[in-house]
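Novice: please find the sequence and the predicted model below.
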Amino acid sequence: MNITIIGAGNMGRGLAKQLSKAGHQISVTARDLDKAKLLAEEFPNVTAAAAASALGASSVVILATGYADAVPALRSLGDLTGKVVLDITNPLSADYMSLTIGHSTSAAEEIAAAIPGALLVKAFNTVFAQVLADGPALDGKQVPVYYASDSEQAGQTARALIESIGFAPVNAGPLKNARYLEPLGGLNIYFGYGAQHGTGIAPAWIGIN
Ligand SMILES: NC(=O)c1ccc[n+]([C@@H]2O[C@H](COP(=O)([O-])OP(=O)(O)OC[C@H]3O[C@@H](n4cnc5c(N)ncnc54)[C@H](OP(=O)(O)O)[C@@H]3O)[C@@H](O)[C@H]2O)c1
C-alpha cells in the first residue's frame with residue numbers, strides 16, 4: 001500500500017519501521033520537516049515530504065499527532081475524500097492521566113465530523129510506541145490491534161494493514177466504539193505509567209484470537 005504518516009514522533013517512527021519492513025511505500029510528514037527527513041533516513045521505502053505534497057498516491061493516511069493537532073494536520077494534506085484515515089490518537093489531558101472527551105463522543109468521531117469525506121478508522125491507540133516498534137509479539141503472543149469504523153471498506157483496509165505487519169487485528173465494531181477504545185488506551189497508560197508496569201505491555205481480550 002501507499003501510506004502517508006502525519007507525525008514523526010514515537011508512534012510515527014514505530015509505524016514507519018513496521019510498515020517499511022512489510023514492504024509498504026511510506027510518505028512521512030511533520031511540522032518540522034527535518035524530523036521527518038531523519039526518520040525517512042532510518043528505513044527503506046520511507047520518504048519525507050512537506051504536508052502539501054505528502055499525500056501523493058496514498059490511499060491510506062495514518063494520523064500520528066496529538067489529538068489537539070489532529071484536524072489542522074489532516075487538513076494540511078489537502079482533499080481526503082475517499083481516503084482511509086487511521087486515527088491513533090488518545091485525547092489526553094496535559095498530565096496524560098485522563099481523557100479530555102468521552103462518553104457521548106470520541107476523538108475519532110470528532111475528527112470524522114471535521115473531515116467528512118474521509119473514511120475514518122480508530123486503530124492502534126491501545127498499542128504503546130515501544131510495543132509497536134518492538135512487535136508484533138509480546139510474551140510470545142501476537143499483540144492485538146483493535147480497530148473500529150463505520151466503513152466496511154476502510155475496516156478491511158485497516159485489517160489488512162495490521163495483518164501485514166504481523167499484529168492481530170480485532171474488529172471492535174462501528175466508529176462510535178472509539179468511545180470504548182479511547183478509555184482502554186487511557187487504562188493502558190495508567191498501567192504503563194501510573195502503576196509503573198512500563199510501556200512493554202498491551203491490552204488483550206481472553207477468548208478472542
Ligand atoms: N506514544 C505512545 O505510546 C502512544 C500509544 C498509542 C497512541 N498514541 C497516540 O499517538 C499520537 C502520537 O503520539 P506520539 O507519542 O508519537 O507523539 P509525539 O512523539 O509527540 O509525535 C507527534 C508528532 O506529530 C507531529 N505534528 C503535530 N502537529 C502536526 C501537524 N499539524 N502536521 C504534521 N505533523 C504534526 C509532531 O511534529 P513536530 O515535532 O514537528 O511538532 C510530532 O512529530 C498521540 O495522539 C498519542 O495519544 C501514542
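Specialist: Perfect, thanks for sending it. Residues are numbered from 1 along each chain as shown.

Novice: now do the contacts for the closest residue to the ligand within the chain.
Specialist: Using Cβ to the nearest ligand atom, the single residue of the chain nearest to the ligand is residue 9, 1.9 Å away. Placement of C-beta: from N, CA and C, glycine included. For residue 9, the contact set (Cβ atoms under 8 Å, 6 or more residues apart in numbering) comprises 30, 35, 64, 65.

Novice: the first one touches residue 11, doesn't it?
Specialist: Looking back up the chat, that one is residue 30. No - under the criterion of Cβ atoms under 8 Å, residue 30 lies out of contact with residue 11, with a separation of 11.8 Å.

Novice: hang on, residue 20 is in a helix, isn't it?
Specialist: Yes - the assignment for residue 20 by DSSP: H, G, I helix; E, B strand; the rest coil puts it in a helix.

Novice: pretty sure it contacts residue 43?
Specialist: Yes - look at residue 20 against residue 43 with Cβ under 8 Å: they come within range, at 4.0 Å.

Novice: next, count neighbours for residue 16.
Specialist: As a burial measure, residue 16 scores 28 neighbours (other Cβ atoms under 10 Å).

Novice: tell me which element it falls in.
Specialist: helix 10-21 (DSSP states H and E).

Novice: check the offset of that helix from the chain's centre.
Specialist: With Cα atoms, centre = their mean, to the nearest Å as the basis, the distance from the averaged C-alpha position of helix 10-21 to the chain average is 10 Å.

Novice: how close does the residue of the chain closest to the ligand get to residue 16?
Specialist: When Cβ to Cβ, to the nearest Å is applied, the distance between residue 9 and residue 16 equals 11 Å.

Novice: cool, residue 59 as well?
Specialist: From residue 59 to residue 16 the distance is 17 Å (Cβ to Cβ).

Novice: isn't residue 157 right up against residue 84?
Specialist: Yes - proximity of residue 157 to residue 84 meets the contact threshold set by Cβ under 8 Å, at 4.8 Å.

Novice: who has more neighbours, these two?
Specialist: Using other Cβ under 10 Å as the criterion, residue 157 and residue 84 rank with residue 84 on top: 25 against 20.

Novice: next up, phi/psi of the more buried one, please.
Specialist: In this entry, residue 84 is assigned phi and psi values of phi -80, psi 120 (degrees, to the nearest 10).
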